[in-house]
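> got a predicted structure here, sequence first:
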Amino acid sequence: MSKQRPRTTPAETSEGPLPLPDPKKLLKLYYGGFQLPSPQGGFLEQLRVRPEDDGSAAVLLECNTSSLRYALPVPKATRTERSKVKAMQEEGADPHCPRHGPGLRLVRTGRELACPLCGVVYGKV
Ligand SMILES: [Zn+2]
């Protein structure tokens, strides 16, 4: 594999991103488009969204004061969310993210529909 070596920062540990306390509260803020407070004080800046194989995802974040990195797990789509998206497709509308709301359209990733911010798969194309 000729994979490019990831950029490392001095604060990065070999253990990878840290878990966050109270992920439910942070997810609510994240879906609402609000800034996420860091456990270290300051705010968490979003680095990227990492989709997982099972349809869930993780948002990778970096604290803007300590440069510590965190991962916020995003639960996979529920049956209700999937059926909401299916109903939007059947109406001929562009389905939007059931968590982020009408402002955020789902995007095609191969044969699946996913939210670019959640990283979660909500339906099939
Ligand atoms: Zn979303």
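Right, received. Where do you want to start? Numbering: from 1, shown residues only.
> now do the buried residues in the top strand by length along the chain.
Identified as the longest strand of the chain according to DSSP state E is strand 43-51. For strand 43-51, a neighbour-count test (16 or more other Cβ atoms under 10 Å) marks 44, 49, 51 as buried. All C-beta atoms are positioned from the backbone trio N, CA, C, and that covers glycine.
> what sits up against it?
35-38, 57-64, 69-71, 74, 109, 114, 116-121 (Cβ atoms under 8 Å, 6 or more residues apart in numbering).
> if we can go back for a sec, least confident pick among the buried residues of strand 43-51?
Among the buried residues of strand 43-51, residue 51 carries the lowest pLDDT, at 93.
> which residues does it bridge with?
Here residue 51 sits in beta bridges with residue 57, going by DSSP bridges.
> wait, does the longest strand of the chain contact the ion?
No. Strand 43-51 lies out of reach of the ion by Cβ under 5 Å from the ion, never closer than 9.4 Å.
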